[in-house]
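Student: predicted model and sequence below, questions to follow.
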Amino acid sequence: MEKYRIFDNELEKLTERVVKMSHLVEEQVSNAVLALNNYDIELAKHVIENDNKVDKLDVKIDKLCQKIFALQQPVATDLRYIISSLKINNDLERIGDHAVNIAKRIDALCDYTDFSKEFGVDKVANQAVMLYKDVDQLIKTHNLILATDIFQNANLIKESCHKISDKIIEEMMLQKEVIVVATNIMIIVNLIERIASYSTNVAESIIFVVEGKIVKHQKKDDENK
Amino acid sequence: MKNLKIHTENMYLHYGSKMALNNISISIPENKVTALIGPSGCGKSTFLRSLNRMNDLIDSVKIEGNIFIDNINIYDKNIDVVNLRKKVGMVFQKSNPFAKSIFENVAYGPRINGINNKTELTEIVEKSLQNAAIWDEVKDRLYDSALGLSGGQQQRLCIARTLAVNPEVILMDEPASALDPLSTAKIEELIVHLKEEYTIVIVTHNMQQAARISDDTAFFYLGELIEFGKTKKIFTNPDKKQTEDYITGRFG
């Protein structure tokens, strides 16, 4: 039984690291949005600097998964768990990158705070923070009720983002002098939309772990029908 | 399910008063590899041996229920057991070549079935050795002793010997468990190739081997068939907790 004690220890280590990754990314998203809403350049810098912690942990998780695949040949729930951990890790790293990309654009908004507040970006950014808190809980608990909430809330965020982008385009057509700042805001909105999208990926991966079902693309297929 | 080759209905097997198989009903498809897995003493080898009535050789065995191969009940009293074992060949854990030449090992079965024509025998021997993927290694020493072959070669020779009597089903009881990884890989590749012409039922303790080569997997525990299904389903998302516990090594 020695082998499986080692194996279980490796799985525990993987869980610890993925939970830590999720927590780090939660901090990054929360801080990026806080910096965005308060035009806080110092906090934005902190987010940018912290990215290397996320990147390092990303590599550590990848390596651990590789090691488990090579040495333990996992099957069934273990197999699904490790495949999903790899994918979740990748999605979290991308969410972390998007938080950094938001932080990098805050500087460009500081001289146009009145303009940038017009579109309700702060509201949708806060919704993304709340969405990510559910993702973090889902990773820790595997409670699939949260997955359903995540799908619904991510859709609402995506809809809001599309509406904001349309409004920004209208504004750019009216006032050519705001094109630069408006483009930055639009990119930020797009990044928020991507965070919502990656959050649904994580929820899909957790459903795969728990139920063994592949649910990705299903909604698109249903819509096409 | 595709064409059925073997199916059992409510099969029970006792060794004296001890029940070894408890109400086994299973349908094994033609031209597929079916793996039987489970811990030692779970009944998988007993089940395998029931499929060509090898258990008849044990006095205390009592079998109830039905086993059909091609819809014929093989425990019917009119069944010729010798013919049955020609149709349902067997390869064992330990290779067991006769202390004869390579040629004679393969020609043995056809000979006792009345084939004595040298040309015909030579053709059968060559074809069988080719189908067992050992021809190239032995073609220049067909009259050397089979005992001089390596373990992996001896096992493939035994497979050739089984093929020489033209079976339809091949039963394999841990055919690669005593072999090194390279010989194991050759046997596994051979099994996957052989299923085009034969129906293969294999007992293995090697989970990865079952996952690699079989189309369907049956998990036995304490004489019961716990779960039977597509191998890719069993190894990614089994229905029963006992199956999950066994294949992930968290049993007991």
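Tutor: Here it is on my side, so go on. Treat the numbers as computed from the prediction; the structure is a model and nothing was measured.

Student: does residue B:223 touch residue B:43 like I think?
Tutor: Yes. Using CB atoms under 8 Å, residue B:223 makes contact with residue B:43 at a distance of 4.3 Å. In short, each C-beta sits where N, CA and C put it, glycine included.

Student: contacts only, for the residue of the stretch 151-252 of chain B found nearest chain A.
Tutor: Of the residues in the stretch 151-252 of chain B, the one nearest chain A is residue B:237, at a distance of 3.2 Å by CB to the nearest CB. Applying CB atoms under 8 Å, 6 or more residues apart in numbering or on different chains, we find residue B:237 in contact with A:76-77, A:80, A:212.

Student: which residues pair with residue B:199 across the strands?
Tutor: Using DSSP bridges, the bridge partners assigned to residue B:199 are residue B:169.

Student: tell me the secondary structure at the nearest residue to residue B:6 once chain neighbours are set aside.
Tutor: For residue B:6, ignoring the flanking residues on the chain, the nearest one in space by CB to CB, 6 or more residues apart in numbering or on different chains is residue B:28 at 4.1 Å. Following DSSP: H, G, I helix; E, B strand; the rest coil, we place residue B:28 in the strand state.

Student: from memory residue B:28 sits against residue B:195, does it?
Tutor: No. Residue B:28 is not in contact with residue B:195 according to CB under 8 Å; the separation is 11.9 Å.

Student: what about these two, which has more around it?
Tutor: Each of residue B:28 and residue B:195 has its neighbours counted (other CB atoms under 10 Å in any protein chain shown); residue B:28 has more, 23 against 18.

Student: now the more buried one: how far from chain A?
Tutor: Distance of residue B:28 to chain A, computed by CB to the nearest CB, to the nearest Å: 22 Å.

Student: which residues touch the residue of chain A found nearest chain B?
Tutor: The minimum distance from chain A to chain B, using CB to the nearest CB, falls at residue A:212 (3.2 Å). Applying CB under 8 Å, 6+ apart to residue A:212 gives the contacts A:80, B:236-237.

Student: residue A:16 sits in which helix or strand?
Tutor: If you go by DSSP states H and E, residue A:16 is part of helix A:2-38.

Student: now that helix: mean pLDDT?
Tutor: The average pLDDT within helix A:2-38 is 93.

Student: who are the packing partners of it?
Tutor: For helix A:2-38, the elements it packs on are helix A:41-72, helix A:76-109, helix A:121-141, judged by 3 or more CB pairs under 8 Å, 6 or more residues apart in numbering or on different chains; DSSP states H and E.

Student: how far out from the middle of the chain is the longest one?
Tutor: How far helix A:76-109 lies from its chain's middle: 5 Å, per CA atoms, centre = their mean, to the nearest Å.

Student: any figure for the gap between the most centrally placed residue in chain A and residue A:180?
Tutor: Nearest to the centroid of the C-alpha atoms of chain A, with distances taken as CA atoms, centre = their mean, sits residue A:95, at 3.3 Å. Using CB to CB, to the nearest Å, residue A:95 is found at 26 Å from residue A:180.

Student: ditto for residue B:102
Tutor: According to CB to CB, residue B:102 stands 83 Å off from residue A:180.

Student: name the helices or strands packed onto the one helix or strand residue B:153 maps to?
Tutor: Using DSSP H and E, residue B:153 sits within helix B:151-163. Taking 3+ CB pairs under 8 Å, 6+ apart as contact, the helices and strands that helix B:151-163 lies on are strand B:88-91, helix B:102-112, helix B:118-131, helix B:135-138, strand B:169-173, helix B:181-194.

Student: buried residues of it, list them for me.
Tutor: By neighbour count on 16 or more other CB atoms under 10 Å in any protein chain shown, the buried set for helix B:151-163 is B:152-163.

Student: could you dump the residues you listed to CSV with pLDDT?
Tutor: Below are the buried residues of helix B:151-163 laid out as CSV (pLDDT from 0 to 100):
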residue, pLDDT
B:152, 92
B:153, 95
B:154, 95
B:155, 93
B:156, 95
B:157, 96
B:158, 95
B:159, 95
B:160, 96
B:161, 96
B:162, 95
B:163, 95
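
Student: for chain A, what are the nearby residues on chain B?
Tutor: Chain B comes close to chain A at residues B:207-208, B:211, B:235-238, B:243-244, B:247-250, as judged by CB under 8 Å from any CB of the partner chain.

Student: what about the nearest residue to residue A:93 once chain neighbours are set aside, neighbour count?
Tutor: Closest residue in space to residue A:93, ignoring its immediate chain neighbours: residue A:58 at 4.3 Å, by CB to CB, 6+ apart. When counting by other CB under 10 Å, one arrives at 21 neighbours for residue A:58.

Student: let me see the contact set for residue A:58.
Tutor: With contact set as CB under 8 Å, 6+ apart, residue A:58 has these partners: A:21, A:89-90, A:92-93.

Student: I'd say residue B:90 and residue B:173 touch.
Tutor: Yes. Using CB under 8 Å, residue B:90 is in contact with residue B:173, at 7.2 Å.

Student: so where's the chain shaky on pLDDT?
Tutor: In the absence of a named chain, chain A is used. Applying pLDDT under 70 to chain A flags residues A:1-4, A:219-225.

Student: please go with chain B instead
Tutor: Within chain B, the segments meeting pLDDT under 70 span B:1-2, B:252.

Student: list of residues touching stretch B:65-84?
Tutor: B:4-12, B:23-24, B:50-53, B:56, B:63, B:87-88, B:168-169.

Student: so which of those residues belong to strands?
Tutor: Mapping the contacts of stretch B:65-84 onto strands (DSSP state E) picks out B:4-12, B:23-24, B:63, B:88, B:169.

Student: for residue B:159, see how far away residue B:186 is.
Tutor: The gap separating residue B:186 from residue B:159 is 10 Å, by CB to CB.

Student: same deal with residue A:101?
Tutor: Distance from residue A:101 to residue B:159, by CB to CB: 61 Å.

Student: spell out which parts of chain A neighbour chain B.
Tutor: Contact residues (CB under 8 Å from any CB) of chain A with chain B: A:3-4, A:7, A:73-80, A:212.

Student: which of those residues are buried?
Tutor: Among the residues of chain A next to chain B, those scoring as buried are A:7, A:74-80, A:212 (criterion: 16+ other CB under 10 Å).

Student: looking at those, which one is closest to residue A:42?
Tutor: The closest of those to residue A:42 turns out to be residue A:80 (CB to CB; 42.3 Å).

Student: mind listing what the closest residue to the closest one other than its chain neighbours touches?
Tutor: Of all residues not flanking residue A:80 in the chain, residue A:209 sits nearest, at 5.1 Å (CB to CB, 6+ apart). Neighbouring residues of residue A:209 by CB under 8 Å, 6+ apart: A:77, A:80-81, A:84, A:142.
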